[in-house]
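*Asks:* turn this into a structure:
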Amino acid sequence: MPSDISDTSDEALAVQLECLRQMTPQERLRRACAWSGQVRRMAFDAIRRRHPKDSEEEVRLKFIELTYGKPLADEVRQWQRETQQ
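*Replies:* Below you'll find the predicted structure:
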């Protein structure tokens, strides 16, 4: 299964896929959740590096904006303002 957009060699990809095939469904789910958490942490770290003066709340809002869009982030901002009054 060659991939033109991956930096992983075809041989390494074949080994990775075989390892995934040998996992139980529970192990695959655990691994997927762990990878998802790692990607989320890397995204938050990148936002913090680009905006070092932002509060953690603003970092979370920027993550929402990048991931789900500005309209949702704006709704969350509005909801936070309303609930903090």
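*Asks:* just how off-centre is the longest helix seen in the chain within its chain?
*Replies:* Identified as the longest helix of the chain according to DSSP state H is helix 25-50. Put simply, helix 25-50 sits 5 Å off its chain's centre (C-alpha atoms, centre = their mean, to the nearest Å).
*Asks:* list the buried residues of that helix.
*Replies:* residue 47 (16 or more other C-beta atoms under 10 Å). For glycine as for every other residue, the C-beta is placed from the backbone atoms N, C-alpha and C.
*Asks:* so for this structure, the centremost residue is which one?
*Replies:* Geometric centre of the chain, nearest residue: residue 40, 3.1 Å, by C-alpha atoms, centre = their mean.
*Asks:* circling back: past the longest helix of the chain, which element shows up next along the chain?
*Replies:* On the C-terminal side of helix 25-50, the nearest following helix or strand under DSSP states H and E is helix 56-68.
*Asks:* other SSEs contacting that next one?
*Replies:* If you count contacts as 3 or more C-beta pairs under 8 Å, 6 or more residues apart in numbering; DSSP states H and E, helix 56-68 packs onto helix 25-50, helix 70-83.
*Asks:* and of those, who's closest to residue 63?
*Replies:* helix 25-50 (6.1 Å; C-beta to C-beta).
*Asks:* what stretches of the chain score poorly on pLDDT?
*Replies:* Scanning the chain with the threshold set as pLDDT under 70 gives 1-4.
*Asks:* let's see 50
*Replies:* Along the chain, segments meeting pLDDT under 50 span 1.
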